[in-house]
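Enquirer: Below: sequence and its predicted model.
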Amino acid sequence: MKKILLIIMDGLGDRPNESLNGNTGLQAAYRPNLNYLASHGVNGLMFPIREGVRPGSDTSHLSILGYNPEEVYTGRGPFEAMGLGMKVKAGDIAFRANFAYRDKNGIIQDRRAGRISEPTNELCDAISMELDGVKFSVKPGVEHRAALVMSGDNLSDRISDSDPHETGKPSHEISPLDPEASHTAEVLNHYLSEARKILDSHPFNLKRSERGDLPANELLLRGAGKAPSLKKFGEKYSMKAGCVVGIPMIAGICDLAGMDVVKYAGATGTVNTDYVGKIRTALEALETRDFVLVNIKAPDVAGHDGNPDLKRRVIEWSDRAFAQIIPKLGDILVAVTGDHSTPCVLKEHSGDPVPLVITTNGMRMDGVIRFDEVTASHGSLKIRSSDLMTLLMGLSDRAEKYGA
Ligand code: ZN
Ligand code: ZN
């Protein structure tokens, strides 16, 4: 039985870039360690979720970990809240929120409160409270954006938005879409009326008004989602599992799945992350665990920036860190892949499959000697992300026998 190290290079897949002579960042990168893994393992393409699907990092990571997003993905609310570093437990209800400006007649005149640019932490703290036995937590996002998480008993996400989605109208009363959601709607309407009072008289907003800026006196809510209750990853696969990730949303998903989120100060989720330290931390975490997931966010950041040369460089920095894995291949099965493609030409996620390599000492190889999107397509594997865990369990000698 071997331990499993799963490295997700976020947004790894790409398309040809003119500035790289028609290569992808991965093809153009100097990557001796990735090529070593390719030439000593099995290779192929992985379709995140399913052929042609253009996944978010949340749905794709769920699928890679063996959870069907079509069953457990409950909308962006809970995952965006996790993305802001909020603790979201199974059963909590989370919303995407906007600070907006409401005039004296209760009409929403600006859904972004003048595209507020100063941090709204003070406001978020002021309207985080406990009310009617429910805990309300608000945390700021970028500009006017925020997230709200409700924790309490028997809450439902079958409720309407308060966001009218256009200006010139009052915010909507939250209404239940199912009879069982009436309690949630009632508590939430009570909360919103309390929040309005606090926001109207808050010094932050009084100062904004004095300066001639629009006060952020209304919290508009949309996209209610209930945080899913996931079967514990460790029980599902009989493994002690952890993760080393820099981005809060993926840490949140791993936490929901009951995996240990291994703290590591150098893991920043940016292109300046400490790549060597991250892989070292993962290898150390594997000493007391059977499975560790690593997410390296940098290739996705470079893809969204539309910067092929940066993508090439972050892959090279990652490759250098992967040198530490090679001496451990006697005890460890390593898989390197992406959660989706983020082609620099699109600056967004695409439905293109991602390259996948799985390597350990003593395994059958498939003759592929380089790790990149094009060479991988000549390898022995063509799988969906939902099959990855099964494959890794089999190749690490952890699968239970199916049949007699
Ligand atoms: Zn991603
Ligand atoms: Zn992305």
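Expert: Yep, it's here. Ligands and ions are numbered 1, 2, ... in the order given.
Enquirer: Hmm, Ala90 and Ser151 touching each other?
Expert: No - using CB atoms under 8 Å, Ser151 makes no contact with Ala90, being 10.4 Å away. Heads up, the C-betas are built off the backbone N, CA and C, glycines and all.
Enquirer: Of the two, which one has the most company?
Expert: Legend: neighbour count by other CB atoms under 10 Å for Ser151 and Ala90, higher for Ser151 (18 against 11).
Enquirer: any idea of the mean pLDDT in stretch 186-195?
Expert: Mean pLDDT, stretch 186-195: 97.
Enquirer: Does the residue nearest to Cys124 when sequence neighbours are not counted lie in a helix or a strand, and which?
Expert: Spatial nearest neighbour of Cys124, excluding adjacent residues (CB to CB, 6 or more residues apart in numbering): Val138 at 4.2 Å. Using DSSP states H and E, Val138 maps to strand 134-140.
Enquirer: Enumerate the positions of that strand that are buried.
Expert: For strand 134-140, the neighbour count (16 or more other CB atoms under 10 Å) marks 134, 136-140 as buried.
Enquirer: Looking at those residues, which is nearest ligand 1?
Expert: Nearest to ligand 1 among the buried residues of strand 134-140, counting by CB to the ion, is Lys139 at 21.4 Å.
Enquirer: Just put the buried residues of strand 134-140 in TSV and tack on pLDDT and distance to Ala38.
Expert: As requested, the buried residues of strand 134-140 are arranged in TSV below (pLDDT from 0 to 100; distance: CB to CB, whole Å):
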residue	pLDDT	distance to Ala38
Val134	97	52
Phe136	97	50
Ser137	97	45
Val138	97	47
Lys139	95	42
Pro140	93	43
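Enquirer: ok, which pair from those residues is furthest apart?
Expert: Largest separation among the buried residues of strand 134-140 by CB to CB: Val134 and Pro140, giving 20.7 Å.
Enquirer: still on that earlier bit, and the next helix or strand past the strand holding Val138?
Expert: The first helix or strand that comes after strand 134-140 along the chain, using DSSP H and E, is strand 145-151.
Enquirer: Can you give the contact residues for that next one?
Expert: Contacts of strand 145-151 with the rest of the structure, by CB atoms under 8 Å, 6 or more residues apart in numbering, involve 77-78, 80-81, 84, 86-89, 91-99, 120, 124, 134-141, 184, 187-188, 219, 221.
Enquirer: Sheet-wise, list the partners of that strand with their directions.
Expert: In the sheet, strand 145-151 lines up against strand 93-102 (antiparallel), strand 134-140 (antiparallel) (DSSP bridges).
Enquirer: Alpha carbons of the last one, in PDB - could you do that?
Expert: So the one you mean is strand 134-140. The C-alpha coordinates for strand 134-140 follow below in PDB (Å, rounded to 0.1, in the frame of the first residue of the first chain):
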ATOM      1  CA  VAL A 134     -29.500  32.500  14.700                       C
ATOM      2  CA  LYS A 135     -25.900  33.600  14.200                       C
ATOM      3  CA  PHE A 136     -25.400  36.100  11.400                       C
ATOM      4  CA  SER A 137     -21.800  36.600  10.200                       C
ATOM      5  CA  VAL A 138     -20.900  39.100   7.500                       C
ATOM      6  CA  LYS A 139     -17.500  39.400   5.900                       C
ATOM      7  CA  PRO A 140     -16.300  41.900   3.200                       C
END
